[in-house]
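Participant: With the sequence up front, the predicted model follows.
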Amino acid sequence: MIAFDVVVVGAGSAGCALAARLATGGAGRILLIEAGGDNRDLMVKVPAAWPFASAMPRYGWQMKTEPEPALGNRQLDVPRGRLMGGTSSINGMMYSRGHATDYDRWARSGLVGWSYADVLPYFIRSETNWRGAGPFHGEAGPVNVTNNPRPSGLYERMIAAAAELGYGENPDFNADDQQGFGMPDFTVAGDGRRESGATAYLALAAGHPNLTIWKSATVQRVLVAKGAVTGVEVLREGRTQTIATGEVVLSSGTFHSPKILMHSGIGDAEAMRAIGIDAIVDLPAVGRNLQDHPMVVMGFASSQPLGFEQRLRADKFAGSALKWALGKGGLLSEAPMAAQGFVRVQQDSPVPDTQIQITTGSAMSRPWFPGIRKPQPDMLVVTGLQLRPWGRGSVTLRSADPDQAPAIRLGLLDDPRDRQFAHDIIGFIRRFFATEAARELVAAHVFPSADATSPEALDAFLAQMFMTGQHPVGTCAMGIDPSESVVDARLNVHGLSGLRVADASVMPSIVGGNTSAPAMMIGERAADFIMGSGSGQRPNKPSSHRAASKPVLQGAA
């Protein structure tokens with residue numbers, strides 16, 4: 001039997017941060033287990049390729065939700081990464097932390113140590129920000145955070161339109177004020193390559209022989225005896241192995257961490273027994289409290305060239321590809337974004353309640369060449385994410401077979417307040433593009449059409465087009481009461497010794513922004529908990545986090 005001091009299950013945003021900090025902090029022998037393979041393919045490295053990479057079976061779990069009744073029984077794709085770096089290797093790379101009050105709300109619920117003042121040092125410690133060091137940013141962390149180019153002329157129009165609605169320009173959404181319009185940051189390295197949990201943190205741990213990485217290995221369950229974890233059961237290279245350890249941390253994500261817990265007999269006892277799993281710890285909150293950012297998507301035909309489709313002409317695209325290959329950034333390292341805004345769609349909201357993103361490309365954008373393929377019509381595609389929805393979903397097991405995907409129910413628009421909020425987002429976006437600064441850009445309302453104004457027409461549009469921001473959280477929520485939560489404030493699973501969860505699933509409520517950076521912060525915090533520190537001040541900074549040596553790698557490449 002193989003033995004390790006700590007086993008980390010899942011090499012995503014949180015798992016990579018956790019494993020690297022444990023290894024560099026001297027926490028003994030660390031095993032990091034990832035169900036997928038490597039992250040070295042060009043489709044993963046090229047930032048602009050993320051919409052394609054996120055849909056490819058080789059990089060993800062290919063999961064779908066159960067039919068959503070409020071959306072005409074559509075089943076939504078829920079892309080989750082199955083490779084080194086997890087979803088941080090296939091996501092849109094936007095760097096966002098949420099609002100300070102999101103974390104203060106956690107602390108007020110009794111979760112000591114999770115206020116914004118508590119977590120900010122971890123965000124600072126984790127990043128090398130293009131702005132340099134300051135009260136909100138770091139300059140020596142493993143995660144490279146860069147700025148995105150602003151499309152000349154178009155960006156200024158978006159800022160002017162925002163000003164007509166009372167919103168100023170915001171140069172930094174992760175500083176002291178989130179509200180306003182500007183250009184977001186992205187996790188892209190200086191050479192134009194994607195930055196993920198794997199490229200950042202596992203490079204930090206390079207050269208530390210106490211970190212072993214198993215790829216293409218699937219943890220089926222956690223092993224428990226007399227109220228304490230003894231190890232994990234892993235399917236690897238076609239056979240089942242037992243790994244002995246006194247500390248297991250599940251960092252498998254919002255869908256798979258609760259799945260592993262339930263297959264281990266940790267969850268709703270009645271539901272587990274109904275499918276033939278012996279209950280070890282009755283924790284009814286496992287798999288409940290699923291939250292995501294509901295997202296409205298709207299499209300406007302542009303009255304003039306916006307620049308992005310023109311840059312996709314084959315000869316220009318080839319030049320951009322060469323520039324990227326030489327490590328000089330350019331089109332392939334950028335997001336085709338005109339601007340982003342954090343706004344109050346509902347005026348009684350105490351903080352920004354919606355994230356608006358305006359892009360100049362569409363899902364149909366492709367390289368083109370005159371006489372062979374025509375460019376796509378120029379469009380402004382606008383998304384509005386409801387940052388704190390009322391609706392809740394769940395993750396449950398279909399059977400006792402650990403190879404079967406879980407049943408995911410998002411419950412989108414089940415709560416009438418969320419439906420009204422979606423209508424309000426549509427109204428805000430229409431007002432934005434009716435401003436003097438923006439209306440000349442719009443040739444036509446494509447989806448929904450301009451005459452879709454009644455509640456019934458808007459509901460019909462939402463049934464066809466409504467989706468999520470792909471930011472699932474909450475299924476192993478932190479809390480004080482074991483009847484309503486899964487882990488405590490130090491991420492220990494209630495009722496067991498030696499088992500923690502550290503990923504976005506522990507968020508008791510979703511943050512008002514993207515979730516990859518907060519997941520890395522959670523991994524950083526978990527490492528300090530395990531090593532006996534919760535201050536966030538432990539530097540663990542090597543002279544260079546781009547070391548040439550590698551941690552121990554085992555398994556298929």
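Facilitator: Perfect, thanks for sending it.

Participant: My guess is residue 216 contacts residue 236. True?
Facilitator: Yes - here residue 216 reaches residue 236: they are 7.4 Å apart, a contact under CB atoms under 8 Å. Backbone N, C-alpha and C define where each C-beta goes, glycine included.

Participant: if I look at residue 154, how far off is residue 161?
Facilitator: As judged by CB to CB, to the nearest Å, residue 154 and residue 161 stand 11 Å apart.

Participant: If you could redo that for residue 77, that was the one I meant.
Facilitator: For residue 77 relative to residue 161 (CB to CB), the value is 32 Å.

Participant: quick one: which of those two has more around it?
Facilitator: Here residue 77 and residue 161 are set side by side on neighbour count (other CB atoms under 10 Å), and the busier one is residue 161, at 24 against 15.

Participant: Report the secondary structure state of the more buried one.
Facilitator: helix (DSSP: H, G, I helix; E, B strand; the rest coil).

Participant: got the contact list for it?
Facilitator: Each residue near residue 161 by CB atoms under 8 Å, 6 or more residues apart in numbering is listed here: 432-433, 435-438.

Participant: I'd say residue 78 and residue 64 touch.
Facilitator: Yes - under the criterion of CB under 8 Å, residue 78 makes contact with residue 64 at 6.6 Å.

Participant: Confirm residue 181 sits in a helix?
Facilitator: No - counting by three-state DSSP, residue 181 is not part of a helix but strand.

Participant: Please tell me how far it sits from residue 222.
Facilitator: For residue 181, the distance to residue 222 - CB to CB - is 46 Å.

Participant: sorry, back to before: for the contacts of residue 161, which one is nearest residue 299?
Facilitator: Distance to residue 299 across those (CB to CB) is lowest for residue 433, with 11.0 Å.

Participant: Touching, that closest one and residue 439? I think so.
Facilitator: Yes - contact criterion CB under 8 Å: residue 433 and residue 439 qualify, at 6.2 Å.

Participant: which one of these two has more residues nearby?
Facilitator: residue 433 (19 against 12).

Participant: ok, now which ones touch the more buried one?
Facilitator: 161, 300, 380, 382, 439, 441-442.

Participant: what about the residue of the chain most remote from its centre, distance to residue 63?
Facilitator: Here the chain reaches farthest from its C-alpha mean at residue 371, the gap being 40.3 Å by CA atoms, centre = their mean. Residue 371 sits 42 Å away from residue 63, going by CB to CB.

Participant: can you list residues touching both of residue 78 and residue 64?
Facilitator: residue 408.

Participant: Looking at these two, which has the bigger crowd around it?
Facilitator: residue 78 (20 against 13).

Participant: quick one: average confidence on the helix or strand hosting residue 123?
Facilitator: Here residue 123 sits within helix 116-126, counting by DSSP states H and E. Averaging pLDDT along helix 116-126 gives 98.

Participant: going on from that helix, what's the next piece of helix or strand?
Facilitator: Helix 116-126 is succeeded, C-terminally, by strand 127-129 (DSSP H and E).

Participant: Could you name the helices and strands sitting against that next one?
Facilitator: Judged by 3 or more CB pairs under 8 Å, 6 or more residues apart in numbering; DSSP states H and E, the packing partners of strand 127-129 are strand 143-147.

Participant: What about residue 473, how many residues nearby?
Facilitator: 25.

Participant: That one against residue 513, yeah?
Facilitator: No - checked against CB under 8 Å, the pair residue 473 and residue 513 is beyond contact range at 11.5 Å.

Participant: Any chance of CSV for the contacts of residue 161, columns pLDDT?
Facilitator: Listed next are the contacts of residue 161 as CSV, based on pLDDT from 0 to 100:
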residue, pLDDT
432, 98
433, 98
435, 98
436, 98
437, 98
438, 98
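
Participant: Return the subset of the residues you listed lying in helices.
Facilitator: Judged by DSSP state H, the contacts of residue 161 include residue 432 as members of helices.

Participant: How far off centre is stretch 379-398?
Facilitator: 12 Å (CA atoms, centre = their mean, to the nearest Å).

Participant: Would you mind listing the buried residues in that stretch?
Facilitator: 379-389, 391-397 (16 or more other CB atoms under 10 Å).

Participant: List the contacts of stretch 388-397.
Facilitator: With CB under 8 Å, 6+ apart as the criterion, stretch 388-397 contacts 254-255, 258-259, 262-263, 271-272, 275, 277, 287-294, 353, 404, 406-415, 417-418, 421, 474-475, 509-510, 512.

Participant: ends of that stretch, how far apart?
Facilitator: For stretch 388-397, the separation between the terminal residues is 26 Å (CA to CA, to the nearest Å).

Participant: what's the answer for stretch 59-66, then?
Facilitator: Termini of stretch 59-66 sit 22 Å apart (CA to CA).

Participant: for stretch 377-392, same thing?
Facilitator: End-to-end distance (CA to CA), stretch 377-392: 38 Å.
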